[in-house]
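**Q** Sequence first, predicted coordinates after that:
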Amino acid sequence: MAGKFLLEVVTPEKQLLSQQVDEVIAPGSEGEFGVLPGHCHFLSTLRIGELRYRVDSQTHSMAILWGFAEVTPTKVTIMAEIAEQAEDIDVERATAKVAEAERRLQAGGLPSEVKDAQISLEKARLRKKIAERTKKTGHA
Amino acid sequence: MPSLQSLRRKIAAFKNTQKITKAMKMVAAAKLKRSQDRILAARPYAHKMRGVLSNLSQRVNRSAHPLLQKREVKKIEVLVITSDRGLCGGFNGNIARKSAEFVRQCEAQGLTVGLSIVGRKGRDYFRRRSWPIRQEWTGVFDKLSFEHALDIGGDLTDNFVKGSFDELHVVYNEFKSAIQQRVIVEKLFPVDAATEFSAAPAEGVASGAYLYEPDEAVLLSALVPKHFQVQAYRILLESAAAEHGARMAAMDGATRNAGQLIKKVTLYYNKTRQTAITKELMDIVGGAEALK
């Protein structure tokens, strides 16, 4: 294997990560894709999902809510609207959000409201999932 | 010689002014801190975005997206970013002068120039000179958010697509440090292939092969408008931070000047007072001497 490559995660709020990693698995809009060193040039949109990256034998994960990924043989740049490290997610808050989104979805309303609720439910579930797993294993 | 009372009043007035400028300086410093954090956090994202797009624009067919089209330049638009409030030193003056100069240069080349203005100060400047203003936004900086960038970016992209102008330039203050701003003229539309921010533009161009997912058109239609919103947001943040920096420096100077004035007038006041006392004493001594 050609060693490590650079993973950078930026959001409009801040630069979240800039690190040498061994492997990245990102939630592309048309399915997850994995990146190893020496990947060909690739540009993709991202959907709501989990970004996993491996440094040596440790796997870390991160919640990504939309964005773009640019892949070059030596570097992966993730530009996400919102991104959160698994360690930073508050499980209780995430759980509360899931409940709230479900309630909103039940309540119905205009199509746009329903869609909003669906999206926030998806976001909240993702956060919850990642956060709970992180808690269980002790590390990300 | 001014009376003692009028001198006392003068000193009091200077002291009041100094209090105000000092307070303004503190407020500006607090706001500067906040807006500085925001711009420093937003920069990497905006620059990455720009790198990706300029990389991309070398590879894709420019006609694939209306915002990437290069047309023959006849009409250009200048977006001038100023502040809503004054009392910030040369901040607005520099911008106004630079943009007026830029507009004249373009007109000298036979181009038609339109003006879009952000900020009350810039609007007033160009209105006083009765230059036509195509579009203006004021009150943006009170509560700067991404919404404003959407609004401004949206309007400009629409007009570019409609063909109201063929090139867009932005004149704004870049935030260099708390006490330094730099006036920048930057071309936003259409995107140029190589810019100073593009991350290693040569790399990958040679290899040619580039995969897109979803296909090129869908990707571009998501990426390109986003890019302009992000750039608009970054520019607004730059300007906001620069404004607070400029105000802080200006108010710091004003506070110091007021302090100097107070010192000078106080000295003069004391001298005058002493002279008056001496005179009175001499009168008394003179009177006593006469009685002997």
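**A** Arrived safely. Numbers count the residues shown, from 1 in each chain, chains lettered A, B, ... in the order given.

**Q** C-alpha from now on. contacts and neighbour counts both.
**A** OK.

**Q** residues from chain B in reach of chain A?
**A** Chain B has residues B:38, B:40-46, B:48-49, B:52, B:204, B:209-214, B:219, B:223, B:230 near chain A, with proximity defined as C-alpha under 8 Å from any C-alpha of the partner chain.

**Q** Take those and keep only those in helices.
**A** Judged by DSSP state H, these include B:38, B:40-46, B:48-49, B:52, B:219, B:223, B:230 as members of helices.

**Q** Would you mind putting these into JSON lines with neighbour count alongside?
**A** Output for those, formatted as JSON lines (neighbours: other C-alpha atoms under 10 Å in any protein chain shown):
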{"residue": "B:38", "neighbour count": "19"}
{"residue": "B:40", "neighbour count": "18"}
{"residue": "B:41", "neighbour count": "19"}
{"residue": "B:42", "neighbour count": "23"}
{"residue": "B:43", "neighbour count": "24"}
{"residue": "B:44", "neighbour count": "21"}
{"residue": "B:45", "neighbour count": "26"}
{"residue": "B:46", "neighbour count": "25"}
{"residue": "B:48", "neighbour count": "21"}
{"residue": "B:49", "neighbour count": "28"}
{"residue": "B:52", "neighbour count": "23"}
{"residue": "B:219", "neighbour count": "16"}
{"residue": "B:223", "neighbour count": "18"}
{"residue": "B:230", "neighbour count": "24"}
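
**Q** what's in contact with the helix or strand hosting residue B:127?
**A** Counting by DSSP states H and E, the element that carries residue B:127 is helix B:120-128. Outside helix B:120-128, the residues within contact range by C-alpha atoms under 8 Å, 6 or more residues apart in numbering or on different chains are B:80-86, B:92, B:96, B:117, B:132-133, B:136-139.

**Q** wait, which of the ones in helices among the residues of chain B next to chain A is closest to residue A:77?
**A** Ranked by distance to residue A:77 (C-alpha to C-alpha), those are led by residue B:48 at 7.9 Å.

**Q** Would you mind measuring from that closest one to residue B:100?
**A** Per C-alpha to C-alpha, to the nearest Å, residue B:48 is found 31 Å from residue B:100.

**Q** swap in residue A:114?
**A** Counting by C-alpha to C-alpha, the gap from residue A:114 to residue B:100 is 50 Å.

**Q** and residue A:17, how many neighbours?
**A** 15 (other C-alpha atoms under 10 Å in any protein chain shown).

**Q** residues touching it, list them.
**A** A:7, A:8, A:9, A:10.

**Q** got the contact list for the one helix or strand in chain B whose mean pLDDT sits lowest?
**A** The least trusted helix or strand in chain B, going by mean pLDDT, DSSP states H and E, turns out to be strand B:211-213, with a mean of 76. The contact list for strand B:211-213 (C-alpha under 8 Å, 6+ apart) reads A:28, A:29, A:30, A:40, A:41, A:42, A:43, A:44, A:45, B:219.

**Q** Same list, the residues you listed, but as CSV with distance to residue B:272, pLDDT and secondary structure please.
**A** Below are the contacts of strand B:211-213 laid out as CSV (distance: C-alpha to C-alpha, whole Å; pLDDT from 0 to 100; DSSP: H, G, I helix; E, B strand; the rest coil):
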residue, distance to residue B:272, pLDDT, secondary structure
A:28, 81, 86, strand
A:29, 82, 83, coil
A:30, 86, 84, coil
A:40, 84, 84, coil
A:41, 82, 82, coil
A:42, 81, 84, strand
A:43, 79, 85, strand
A:44, 79, 87, strand
A:45, 78, 86, strand
B:219, 79, 80, helix
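
**Q** Mind putting the residues you listed into TSV with distance to residue A:79?
**A** Putting those into TSV (distance: C-alpha to C-alpha, whole Å) gives the following:
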residue	distance to residue A:79
A:28	12
A:29	14
A:30	17
A:40	18
A:41	16
A:42	14
A:43	11
A:44	10
A:45	9
B:219	14
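
**Q** before we move on, the earlier item: can you list the strands that the least confident helix or strand of chain B pairs with?
**A** strand A:42-46 (parallel) (DSSP bridges).

**Q** hmm, back to that, tell me which strands the next helix or strand after the helix holding residue B:127 pairs with, and in which orientation.
**A** From helix B:120-128 onward toward the C-terminus, using DSSP H and E, the following helix or strand is strand B:135-137. The sheet places strand B:135-137 alongside strand B:112-118 (parallel), with pairing taken from DSSP bridges.

**Q** any chance you could map the strands in chain B?
**A** B:75-81, B:112-118, B:135-137, B:167-177, B:180-189, B:211-213 (DSSP state E).
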